[in-house]
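Engineer: Sequence and predicted structure, then a few things I'm wondering about:
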Amino acid sequence: MTEGYASKGATKEEMTTAVKSVRRKFKFKSIEIEQKDGFWYFDYEINPKGKKKGPKTAKSSNIFKAEKISSASFKGKFGDFPNWDGYPNPVTVHPSNSSIGYKSSKNVPKPTGEYEVAGSKTGGAPKSNRDNWRGLLNSKREGYKDEIRKSNPKLGKGQLEKEAKAMVEKEYSKFGLQWQELYLIDWEGHHIKSVNWGGSDSNSNLQYLEKSEHSNFTTWWTNKKSEILTVLKNE
């Protein structure tokens, strides 16, 4: 058992598996392992009880340099991430972001500084900012209705609504969005530093994203959390 790990060392998980195999094969009464001075030690009982030095411990696999807090929480620094592979940029830009004071970029920024992960839920972006943006669009739409009525007072209500919305769309034509999209239907507030990673609701930490694009970020961060927890579990 020790020869296979002589050069590369062994993790706790590897040693636990190996010890179980040896105990079954040779009918040991008990075998326990202990990490000490960079090596694994065996405390075993056959007849009589004995103890011997095992292989050296493996080098740390904690590539994130994260610190375990509990079985489901940890902390560290974003700057210690070994890579950001798969970070789901670019995204669709929405005019509400610059109007509200949120981040507004095709490439969503990566969070910086320290993090502490605890829990998995986030409350979403503040609804007041979304409501204020929708209020602005409503005001523009009603203003265009007044203009249209002056030139075509007999226009039906439905057509009036349609033409007024089209004029709002034209005002924001460089974004290539329809009224529903401008109105943030199926768009969600994305926390650049997620709330469950220690992020806040400050405007500088938020950006509205199309729902499917936001889902890509949620999946990326969920996978990153699982990856770090797995690394910490195997230390």
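Structural biologist: Received it, and whenever you're ready, just let me know what you need.
Engineer: C-alpha only now, for contacts and for neighbours.
Structural biologist: OK.
Engineer: In the chain, what helix or strand scores lowest on average pLDDT?
Structural biologist: In the chain, no helix or strand scores lower on mean pLDDT, DSSP states H and E than strand 49-56, which sits at a mean of 67.
Engineer: Please state the offset of the longest helix along the chain from the chain centre?
Structural biologist: When the chain is parsed with DSSP state H, its longest helix is helix 127-151. Chain-centre distance of helix 127-151: 35 Å, with CA atoms, centre = their mean, to the nearest Å.
Engineer: Mind listing what's buried along it?
Structural biologist: For helix 127-151, burial by neighbour count (16 or more other CA atoms under 10 Å) applies to Asn129, Arg130, Trp133, Arg134, Leu137, Asn138, Lys140, Arg141, Glu142, Tyr144, Lys145, Ile148.
Engineer: show me the contacts for the second one.
Structural biologist: Translated: Arg130. Residues near Arg130 by CA atoms under 8 Å, 6 or more residues apart in numbering: Leu184.
Engineer: and it, how far is that from Asn107?
Structural biologist: With distances taken as CA to CA, to the nearest Å, Arg130 is found 21 Å from Asn107.
Engineer: would you list every one of the strands in the chain?
Structural biologist: Taking DSSP state E to define them, one finds strands in the chain at 30-36, 39-45, 49-56, 67-70, 73-77, 114-117, 187-191, 206-210.
Engineer: want to try JSON lines for those, with mean neighbour count as columns?
Structural biologist: Shown next, in JSON lines, are the strands of the chain (neighbours: other CA atoms under 10 Å):
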{"stretch": "strand 30-36", "mean neighbour count": "14"}
{"stretch": "strand 39-45", "mean neighbour count": "18"}
{"stretch": "strand 49-56", "mean neighbour count": "15"}
{"stretch": "strand 67-70", "mean neighbour count": "14"}
{"stretch": "strand 73-77", "mean neighbour count": "18"}
{"stretch": "strand 114-117", "mean neighbour count": "18"}
{"stretch": "strand 187-191", "mean neighbour count": "23"}
{"stretch": "strand 206-210", "mean neighbour count": "24"}
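Engineer: Make JSON lines from these and add distance to Ala166 to it.
Structural biologist: Shown next, in JSON lines, are the strands of the chain (distance: least, CA to CA, whole Å):
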{"stretch": "strand 30-36", "distance to Ala166": "70"}
{"stretch": "strand 39-45", "distance to Ala166": "72"}
{"stretch": "strand 49-56", "distance to Ala166": "71"}
{"stretch": "strand 67-70", "distance to Ala166": "53"}
{"stretch": "strand 73-77", "distance to Ala166": "47"}
{"stretch": "strand 114-117", "distance to Ala166": "44"}
{"stretch": "strand 187-191", "distance to Ala166": "20"}
{"stretch": "strand 206-210", "distance to Ala166": "21"}
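Engineer: Nearest to Glu235, out of those?
Structural biologist: Minimum separation from Glu235 across these (CA to CA) falls at strand 67-70, 10.0 Å.
Engineer: Would you mind listing the outside residues contacting that closest one?
Structural biologist: Phe74, Lys75, Gly76, Leu232.
Engineer: residues touching the second one, list them.
Structural biologist: By CA under 8 Å, 6+ apart, the contact set of Lys75 is Ala66, Glu67, Lys68, Ile69, Glu114, Tyr115, Glu116, Val117.
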